[in-house]
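Q: this is a predicted model, with the sequence first.
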Amino acid sequence: MGGAPLLRLARVTKAYGDVVAVRDLSLDIPANEFFALLGPSGCGKTTLMRLIAGFETPDDGRIYLDGQDITDLPPHLRSINMMFQSYALFPHMSVAQNIAFGLKQEGRPRQEIASRVEDMLRLVQMVGLGERRPDQLSGGQRQRVALARALIKRPKLLLLDEPLAALDRKLRHDTQFELMQAQRETGTSFVVVTHDQDEAMVMAHRMAVMRAGAIDQIGAPREVYEEPATRHVAGFVGETNFFEGRVIQYMPGGVAIETSKGLKLEAFCQQHPAIGAKVTISIRPENLRLSAPGVFSSNGSAGEILDQVFREGLSSFRVKLDTGDLVHVRKSVSEGGAQHARGERVFVSFAPEHARALLT
Amino acid sequence: MKRGLTSAHLAILAAGFAFLYVPIALVVLYSFNASRLVTVWGGFSTQWYVSLFANEQLLQAASISFRVALASAALSTVLGTCAAFALQRFGRFPARTLFSGMLYAPLVMPEVIIGLALLLLFVGLGIDRGFWTIVIGHTTLGLCFVAVVVQARLAGFDRSLEEAAQDLGASPARTFRSITLPLIAPAMAAGFLLAFTISLDDFVIASFTSGPGSTTLPMRIYSQVRLGLTPEINAISTLLIGIVGLSLLAATAINRLKAPSAR
């Protein structure tokens, strides 16, 4: 990516009284990217979005759009638009009037407004529904009107606040792909704020995982999933198993730890913890092996199958290790060998390169 | 159990409505009485409505009452809406609780005391009492009704609608005009009609704050009744009941019909 990023946040801080919502945060977003801000509620992602939109002013730091400092610009002068979580459709206006609102503020000629509204209705597959009132629409239709209204000014950046939260499960799935398509067709950078890691994983080119007003990790979804930088990221993005312990030995490319229950485990590690330092090993359920007792004997523990759940082509097992730890193991049914009876004795183990030892 | 109303229910309902409305119904009924004697039914007639429109004094009082009601309702709507915004939007400002209490005090304070207080004020300031002093007096009462109705609407107002408008390029002033105002307009209209009817049928405050040549309709009715009840009074009362009733119906309908779900 050459040149300046589309959006740059430079050391932005925002506090409400004693509560610091965003702390010394820097972030670059290039043009034509689908970016997700992911984090639990209260992590500061909503505040960050309101700072970008201009509804809040940072206590410290600057915000740049296309190289221009917009920190002190009021929202109506920023070429950033936002899709609100509640959609915020104007109830006293028709669908077409809602969509046209942004262009009307620009004082565009009536014919241009009409034809661009038609274009947007086509983009969101709402042709012929322009005369409806918002309260005559279904949830999914409202969402699409809100999207059309926010896109009609061809903003450089579109902010989407929990865009799928108000939709039911089935609709959410389809809408994800519609949003991705809208992003591709318009070339606008989308910044989606969400607490749902599935949404971020499916839609985003890159995602930032936030915690306590700061970004823990930025990267492509797969990278974040496979190489989590912190324990929080590993636990928040996807399912995982944790083993806590102290470093007892350095291994090639990793460390060996001993848990409080005496289990010795090896894992890949990108950092350099001291001997005796507290670390957490994260191992994804699909990277755990289940074998008959006696086949493997290292980097794992014997245990007993507690139960099995079948879902979407995958078998999920809960295994109670002899150390007392409970782990989740996931196996693809088509791979075979995914049959284990309740109460069966197994050996649970993993390859060190599949696990990550994390310091924080 | 039988569905719907049993005869016992109907009887209780009828008794309740009778208690409330029989006196008013009698006024309306006797306004169509052909007899000059107020308590004797002498057949149907609309002659008192005809002679009403020849009664110069009553017509003049009615005209003053209407103009006072329009002016004070307009003033109440502006001031009451401002007060509602202050209470609902400005967060916690110093003495907010006091302001809120003072604003709504006229709702429960005896009108005699409000009237007396205003009289003392106008006399103390050396203001000649007349049309505008009644308007001011009625506005003190009307604006709290407007404030109550508008504040309720603002409390249920989704602020993200205003943010969305600004986000789409509307300045704060345009946002107020094209989003906020249309959405609270029904409440303002309902408040206006409430203030209008309150002013129209007020007797106490008006009699304290009026001066020579600014006698309102309720005051004129009262002074005529003291000289003896005439069917003309019944006729003008019937008209007044009709106007007040229709205004209140309209206020309710406006507040309900044009209330789009503020989601």
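A: Everything's here; your move. Numbers count the residues shown, from 1 in each chain, chains lettered A, B, ... in the order given.
Q: would you mind listing the buried residues in the helix or strand where A:R172 lies?
A: According to DSSP states H and E, A:R172 maps onto helix A:169-186. Across helix A:169-186, burial judged by 16 or more other CB atoms under 10 Å in any protein chain shown covers A:L171, A:R172, A:T175, A:Q176, A:E178, A:L179, A:M180, A:A182, A:Q183. Glycine gets a C-beta too; all of them are placed from N, C-alpha and C.
Q: and for stretch B:210-219?
A: Those would be B:S210, B:S214, B:T215, B:T216, B:L217, B:P218, B:M219, for stretch B:210-219 by 16+ other CB under 10 Å.
Q: in strands, which of those residues appear?
A: Using DSSP state E, no member of the buried residues of stretch B:210-219 sits in strands.
Q: could you give the mean pLDDT of the helix or strand where B:L29 lies?
A: Using DSSP H and E, the element containing B:L29 is helix B:7-30. Helix B:7-30 shows a mean pLDDT of 88.
Q: run through who's touching it.
A: Residues outside helix B:7-30 that contact it (CB atoms under 8 Å, 6 or more residues apart in numbering or on different chains): B:L5, B:V38, B:W41, B:P231, B:N234, B:S237, B:T238, B:I241.
Q: so where does the third one fall, helix or strand?
A: Under DSSP H and E, no helix or strand contains B:W41.
Q: quick check: it touching B:P231?
A: No. Taking contacts as CB atoms under 8 Å, B:W41 lies outside contact range of B:P231: 11.3 Å.
Q: comparing the two, which residue is more hemmed in?
A: Shown here are B:W41 and B:P231; by other CB atoms under 10 Å in any protein chain shown, B:P231 has more neighbours (22 against 12).
Q: so who does that one touch?
A: B:Y30, B:S31, B:N33, B:S35, B:R36, B:V38, B:W48.
Q: out of those residues, which comes closest to B:L87?
A: Minimum distance to B:L87 across the contacts of B:P231 is 43.0 Å, recorded for B:S31 (CB to CB).
Q: buried stuff in the helix holding B:L29?
A: B:V27, B:V28, B:Y30.
Q: just give me the neighbour total for A:Q68.
A: Neighbour number of A:Q68 under other CB under 10 Å is 11.
Q: any idea what it is bridged to?
A: A:Q68 has these beta-bridge partners by DSSP bridges: A:L65.
Q: relative to chain B, how far out is it?
A: Distance of A:Q68 to chain B, given as CB to the nearest CB, to the nearest Å: 17 Å.
Q: do A:L65 as well
A: 14 Å.
Q: got a pLDDT number for the nearest residue to A:E227 once chain neighbours are set aside?
A: Nearest non-adjacent residue to A:E227, counting by CB to CB, 6 or more residues apart in numbering or on different chains: A:R356, 7.0 Å away. At A:R356, the pLDDT value in this model is 92.
Q: touching, A:R356 and A:Q271? I think so.
A: No. The criterion here is CB under 8 Å, and A:R356 misses it with A:Q271 at 10.0 Å.
Q: what about these two, which has more around it?
A: More crowded of A:R356 and A:Q271, by other CB under 10 Å: A:R356, with 24 against 12.
Q: bridging residues for the more buried one?
A: A:F268, A:S282.
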